[in-house]
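>>> I would like to see how this sequence folds:
(2 chains)
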There are 2 protein chains.
Amino acid sequence: MITHPSLLILRPFLKPSLLNRTLFINSQRFSIRCNSSLATESLNSDTNETGRSGSRSSPPPAGSLQKIDVNPPRGTRDFPPDEMRLRTWLFNNFREVSRMYGFEEVDFPVLESEALYIRKAGEEIRDQLYCFEDRGNRRVALRPELTPSLARLVIQKGKSLSLPVKWFAVGQCWRYERMTRGRRREHYQWNMDIIGVADVFAEAELISSIVTFFKQIGITASDVGFKISSRKVLQEVLNCYSISDDLFAKVCIIIDKMGKIPIEEIKKDLALAQLPGEAIEELLQVLSMKCLTELEEKLGAAGEAVSDLKQLFSLADKYGFLEWIQFDASVVRGLAYYTGIVFEGFDKEGKLRAICGGGRYDQLLSTFGGDDIPACGFGFGDAVIIELLKEKGILPELSASVENIVCSLDHDLQGAAAAIATKLRGRGQSVDLVLENKPLKWVFKRAKRVNAARLIFVGADEWQKGMVGVKNLSTGEQCEIKVDELDTKI
Amino acid sequence: MITHPSLLILRPFLKPSLLNRTLFINSQRFSIRCNSSLATESLNSDTNETGRSGSRSSPPPAGSLQKIDVNPPRGTRDFPPDEMRLRTWLFNNFREVSRMYGFEEVDFPVLESEALYIRKAGEEIRDQLYCFEDRGNRRVALRPELTPSLARLVIQKGKSLSLPVKWFAVGQCWRYERMTRGRRREHYQWNMDIIGVADVFAEAELISSIVTFFKQIGITASDVGFKISSRKVLQEVLNCYSISDDLFAKVCIIIDKMGKIPIEEIKKDLALAQLPGEAIEELLQVLSMKCLTELEEKLGAAGEAVSDLKQLFSLADKYGFLEWIQFDASVVRGLAYYTGIVFEGFDKEGKLRAICGGGRYDQLLSTFGGDDIPACGFGFGDAVIIELLKEKGILPELSASVENIVCSLDHDLQGAAAAIATKLRGRGQSVDLVLENKPLKWVFKRAKRVNAARLIFVGADEWQKGMVGVKNLSTGEQCEIKVDELDTKI
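Numbering: from 1, shown residues only, chains lettered A, B, ... in the order given. Here you go, the predicted structure:
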């Protein structure tokens, strides 16, 4: 960890004229020299993004200067006040719905051991893992999803948990996707999970909660729907071909790409995975089904695939969300660990990616070394839903607002203005206190910008009488109020 | 990115008996081989933590097995429901106080370009940077603090921002500290910053907001206080010795260690930094001052150091927080970029580390290439305050609670119970719906655990009459209510 001071031109108090909004620093190398083939590959594929933030350190010619800009790192976002208000509004809705369904909030580290995400089914999430070695040489990853952490925590808590567990979380998830522009490397995800319920009552409860969320933010059944199937459909089709659990997961991941890549590619991948040609044909035929009766004719009514789905549709009717859902055998979802019902929310105009997705993962806990406990859950991202609200023109208008703006008309009265602000805040009111001596014109402009309901000004004459001026900024009414009466009159 | 499937024994559906809560996976290596001296050093110093999560990949003998456990990575936390409720309570208080002061919430990526934190003053925060190379070979870091990101965003927004900007953020920050046990690698920090106010009115407003926060959570002026000084004190002492800005920052960082390491070490470090012996003696004499009058006698009343401090104490009186603050010349804070007033919150029993800290950083924006805009702010962590609340025995008791628990007394009535739950949720009420067919004894036990106010049970006889049973769980009163009247009667 040796740095050579004379090579550094970043100085704490360097003058702006020298830098003009761009900061030059010497390349810093603390720990890791990297030379793997992957690293070289990404380096080559990334050559046209030098304008973005993040100093490149390989290859770093000694003494060279590097440029950073004021953007957040590639694929990440800042949340200035406008964006933050929208995020807060969205998260509040996630939380409010979760509360209505009796779920408790939990969270996990955004940084997890990489091992938690190593599954060999060929998932996209695994290829795009934002993984690295920490300074103690451990393989870690910025979490790509929340479910493995939840499973880890459930196992850790063991018998101290009363089943069923109903937990929700709202957390940031990461992926490292090379090259593709316009896709972000992080997003926030709302998860709800039920641990310990084997019946599809759990899936029905989860889908109901998402429907409640949609309704709450103004989305209707003509805007979005849920495609629903079960991995047991595939399992029952493949039962005659004695395929292993491993291969089954792999087949699901390949099938999840249907509609995204040509069907011939899918067939080729299935064949490469050693699935017999006959099985492939039968699979594809079943996967095209959009009607439960048709499925029942094919698989019979005795199997769990059909009975689970029928029960779910019957429950949906009782819950009142039947019009939101439809059977679609092609839905399998892209995570290896799903074992039963799977579902995804989609926009009915077909313009956007999946809005949310989930399903049953009865074997994830035992895979992780925990007890054999049934489980299901969903993930709901913050990106597509905002796109949808924009599309529909129903993005909420959320502006800044404050109850009072308080200013002194005289530099010497700043302390008095502070005292007034303290009084109002003591009553729980919000106050934007003007911290400089500014002309009233400036104060009115600021009052408008921060959307203040009322202006309180402290002038020398009024103050001597123990009064302050008060102006209602929506009606324009103005009066003087005794400071002692501020508590009661405001 | 080649993995050899036959070496992997992690299988999605492996049986729990084989694993007994421990997961073995083959060492995975995607990208980086590491061999720096730092890495070797940490490896050696970390040898006794093999029980922790996080697979070690260096040195990874080919084909060896590695063990992970169900704990979060070393130095990080899970937030199960109890801890999450406490975190939510704390954050809500941060947010409520920020709102009362008219601040707008913002956020930034938890992952930033490492260059944002490279300052050569010898800060602890820099030595402990949680930095790494991403898969595209960029030097990035998990943010150790929020201020550099805020400065970056302010510069990015440029003229579109109306000054002063009053922003707050609540975000997770990271450090990579080797060896020391019991200290975490992440914590959450509440920041409030005022950009564009040169006067100490801004500092007064910030300290006032922290005092309001303390009061709100039940902490008094006999529990905590603020030590206040100004870096201009040191600057004025050192003015005669024509020292550079760089050296000044370095001197501040060394002085910040006073009280943590022996005074002889401090002197040695100051001498090593090329500070003349005479200057060292004079500095140490001034730093021992705890009284503004004494400081005024030494520096004279004309300088900014004394006048800023006097004005701040005068404002504190007007705000009503004078009893919370005291002058203490030894406070300089550990960040290189402070330029004026600095302050830190401390517990009066002297048992804990600093609760919060902040100050003026008038040159950070220009250092980053932005306009020359005055600024100040503070950071308030989530760890020490919780310790303090525990010490004082005033940690809030936050239990789970739900308005209704709804259950069917018959498997066939699960749909009916779901319909009742939907009805109640439609009115905004929270409902824990029992998703399995369980005996009433079990339901009562669960109702107690989730702290339900009321039990609603759907039995066959009542349901046929269009009624449900309702039991108030605090009074024990029980009655039957018509389903149609649930809306009005509940």
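>>> could you count how many residues lie near A:E203?
30 (other CB atoms under 10 Å in any protein chain shown). The C-beta positions use only the backbone N, C-alpha and C, and glycine is treated the same way.
>>> wait, what's in contact with it?
Shown in contact with A:E203 (CB atoms under 8 Å, 6 or more residues apart in numbering or on different chains): A:312, A:340-341, A:343, A:359-360, A:376.
>>> need the phi and psi values for it.
Main-chain torsions, A:E203, degrees, to the nearest 10: phi -60, psi -40.
>>> separation between it and A:A316?
Separation of A:E203 from A:A316 (CB to CB, to the nearest Å): 10 Å.
>>> repeat for A:S307
15 Å.
>>> residue in the stretch 201-350 of chain A nearest to chain B?
A:K318 (3.2 Å; CB to the nearest CB).
>>> residue contacts, that residue?
Counting by CB under 8 Å, 6+ apart, A:K318 touches B:415-416, B:418-419.
>>> chain neighbours aside, what residue packs nearest to it?
Leaving aside its sequence neighbours, A:K318 sits nearest to B:G415 (CB to CB, 6 or more residues apart in numbering or on different chains; 3.2 Å).
>>> surely that neighbour is in a helix?
Yes: the assignment for B:G415 is a helix, going by DSSP: H, G, I helix; E, B strand; the rest coil.
>>> mind listing what it touches?
A:314-315, A:317-319.
>>> any idea of the pLDDT on it?
According to the prediction, B:G415 has pLDDT 96.
>>> do the same with the one 10 residues further on
B:R425 is assigned a pLDDT of 96 by the prediction.
>>> in what helix or strand does it lie?
Under the criterion DSSP states H and E, the helix or strand holding B:R425 is helix B:414-426.
>>> quick one: the helix or strand just after that helix near chain A?
Next along the chain after helix B:414-426, taking DSSP H and E as the criterion, comes strand B:431-433. Yes: interface with chain A: strand B:431-433 contributes B:431-433 (CB under 8 Å from any CB of the partner chain).
>>> from the residues you listed, pick the one nearest chain A.
Of these, the one sitting nearest to chain A (CB to the nearest CB) turns out to be B:D432, at 3.3 Å.
>>> hey, what's the closest one bridged with?
Beta-bridge partners for B:D432, by DSSP bridges, are B:I405.
>>> now do the contacts for it.
Taking CB under 8 Å, 6+ apart, we find B:D432 in contact with A:101-102, A:166, B:402, B:404-406, B:446, B:450, B:452.
>>> and the stretch 151-300 of chain A, which residues reach chain B?
Contact residues, the stretch 151-300 of chain A versus chain B (CB under 8 Å from any CB): A:152-153, A:155-157, A:162, A:164, A:166-167, A:172, A:174, A:176, A:178, A:186, A:194, A:197, A:199, A:201-202, A:204-205, A:208, A:212, A:245-246, A:249.
>>> tell me the SS of the spatially most central residue of chain A?
Nearest residue to the geometric centre of chain A (CA atoms, centre = their mean): A:Y188, 1.4 Å. What three-state DSSP gives for A:Y188 is strand.
>>> wait, it sits on A:E83?
No: in this structure A:Y188 lies outside contact range of A:E83 using CB atoms under 8 Å: 11.8 Å.
>>> list the contacts of A:L283.
A:234, A:237-238, A:251, A:255, A:270, A:275.
>>> A:I219 too?
Contacts of A:I219 (CB under 8 Å, 6+ apart): A:388-389, A:392, A:394.
>>> can you give me phi and psi for A:M192?
Residue torsions, per degrees, to the nearest 10, at A:M192 are phi -130, psi 130.
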